[in-house]
Every structure is written in C-alpha cells, then in structure tokens.
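In: Return a 3D structure for these sequence lines:
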Amino acid sequence: MGDWFTHENLKMAVVIETILYASIGLSFFGIAIWLMSVLSPFSIRKEIEEDQNIALGIIMGSVIIGISIILSSILK
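Out: Numbers count the residues shown, from 1 in each chain. Model prediction:
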C-alpha cells in the first residue's frame, strides 16, 4: 500500500486528472455552442462573418466567458 503513494504515481494522477477535466470542459463548451446554434432562429456564422454583426459577436463572447467561469468553479 505504501508503494502506491510515491512521487511518480502522484504526478501521473495529476496529469490524468488534468486531461480528464480538460476533456470535460471542452465537451461542455462544444455542447453549449452547438445548443446556441441550434436554438437561435438565424445562422450565427452568417450574422457574424457576412453581415458583420458586432453585437452578436459580443453576446457570443460573453456567453463563452460565462460558461468558462461556471466550468472553472465546478471543476475545481
């Protein structure tokens, strides 16, 4: 039992946890962006890229920052 708690094993556990939490966070980001594009009544890509809708870009950026704050507090 004492062999499991070595310095090398704990470093590997930290690496595995980091990869796990990063993948969970990225999957939540993907789901949130997909939901925003599905639930919006217009094409988000067309509005931001072609029509130069700056307000929509600011709103989308704010939503992404909000999701990242929520995920950082959940995954700590």
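In: check contacts around the residue most central in space within the chain.
Out: Nearest residue to the geometric centre of the chain (Cα atoms, centre = their mean): Phe29, 3.5 Å. If a contact means Cβ atoms under 8 Å, 6 or more residues apart in numbering, then Phe29 has Ile64, Ile67, Ser68, Leu71 as its contacts. No exception for glycine: its C-beta is placed from N, CA and C like everyone else's.
In: Quick one: buried ones out of those?
Out: Among the contacts of Phe29, those classed as buried by 16 or more other Cβ atoms under 10 Å are Ile67, Leu71.
In: Lowest pLDDT pick from the contacts of Phe29?
Out: Within those, pLDDT reaches its minimum at Leu71, with 82.
In: show me where the protein has strands.
Out: In the chain, no strands are defined using DSSP state E.
In: Flag every buried residue along the helix ranked longest in it.
Out: Counting residues, the longest helix found in the chain (DSSP state H) is helix 7-39. By 16+ other Cβ under 10 Å, the buried positions in helix 7-39 come out as Gly25, Phe28, Ala32.
In: Count the neighbours of Ala55 for me.
Out: Residues within reach of Ala55, counting by other Cβ atoms under 10 Å, total 9.
In: Take the contacts of Phe29 and lay them out in JSON lines including distance to Leu20.
Out: Formatted as JSON lines, the contacts of Phe29 follow (distance: Cβ to Cβ, whole Å):
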{"residue": "Ile64", "distance to Leu20": "22"}
{"residue": "Ile67", "distance to Leu20": "18"}
{"residue": "Ser68", "distance to Leu20": "17"}
{"residue": "Leu71", "distance to Leu20": "13"}
